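Trainee: with the sequence up front, the predicted model follows.
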Amino acid sequence: MTAIEQLVLDFKTFYDDNPWFGPSYTEVISDITPAEALFTPPNQHSIAVLLWHMVKWRRALTIRLLGNLGFRADDTDDDNWVNASAQTAESWEAAKAAFAEQQKILMEQLPLRDEAFLETEFVPGKKFRWLVSGLLQHDIYHLGQVAMVKGLVRNHGL
């Protein structure tokens, strides 16, 4: 199996299969109500804010995969950590749809690449291998936070 094929499999497994770390993205997200997604526990991000953050960094890769190699994303961008008070039931649904769309793009675009792509720099000193594998690690990390906040919310009877 090539590195690209492994990454595609890993993104698919993360999304809706049986990942090594526990429930898949789809399993964690599927039964979260809008009220649960919008609730912000003390000193935590809401599930909706976490999901929008994940979407932001997926877009940083998918925009490049779709041809805009000059695209730049930064931690200080307004869409990195969206305003929790501006989130609604509709924005929760939009976040889930945006994440699914990013997954679709990844599953369509990554298999079109070869091994040399992973060694290509997208900015000086940073190769696509770093970005793609880092994005998967980022998704796993924040999915764990989503699951933790989901548990907190449900334990407090929301």
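Mentor: Right, received. Where do you want to start? Numbers count the residues shown, from 1 in each chain.

Trainee: only C-alpha atoms for contact and neighbour calcs from this point on.
Mentor: Fine.

Trainee: how about the helices in the protein?
Mentor: Secondary structure of the chain (DSSP state H): helices located at 3-16, 25-29, 34-38, 47-65, 89-109, 115-118, 128-155.

Trainee: how about the fifth one as CSV, C-alpha atoms only?
Mentor: So that's helix 89-109. Extracted in CSV, the C-alpha atoms of helix 89-109 (Å, rounded to 0.1, in the frame of the first residue of the first chain):
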residue,chain,number,x,y,z
ALA,A,89,-29.2,25.2,15.2
GLU,A,90,-28.8,26.1,11.5
SER,A,91,-25.0,26.8,11.9
TRP,A,92,-24.7,23.4,13.6
GLU,A,93,-26.3,21.7,10.6
ALA,A,94,-24.1,23.8,8.3
ALA,A,95,-20.9,22.7,10.2
LYS,A,96,-21.9,19.0,9.8
ALA,A,97,-22.6,19.5,6.1
ALA,A,98,-19.3,21.4,5.6
PHE,A,99,-17.3,18.7,7.4
ALA,A,100,-19.0,16.0,5.2
GLU,A,101,-18.2,18.1,2.1
GLN,A,102,-14.5,18.4,3.1
GLN,A,103,-14.5,14.6,3.6
LYS,A,104,-15.9,14.1,0.1
ILE,A,105,-13.2,16.4,-1.4
LEU,A,106,-10.5,14.5,0.5
MET,A,107,-11.8,11.2,-0.7
GLU,A,108,-11.9,12.4,-4.3
GLN,A,109,-8.7,14.4,-4.5
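
Trainee: which of the residues in it are buried?
Mentor: Ser91, Trp92, Ala95, Lys96, Ala98, Phe99, Glu101, Gln102, Gln103, Ile105, Leu106, Met107 (16 or more other CA atoms under 10 Å).

Trainee: repeat that for the last one.
Mentor: For helix 128-155, the buried set under the neighbour-count rule, 16+ other CA under 10 Å, comprises 128-129, 131-132, 135, 138-140, 142-147, 149-150, 153.
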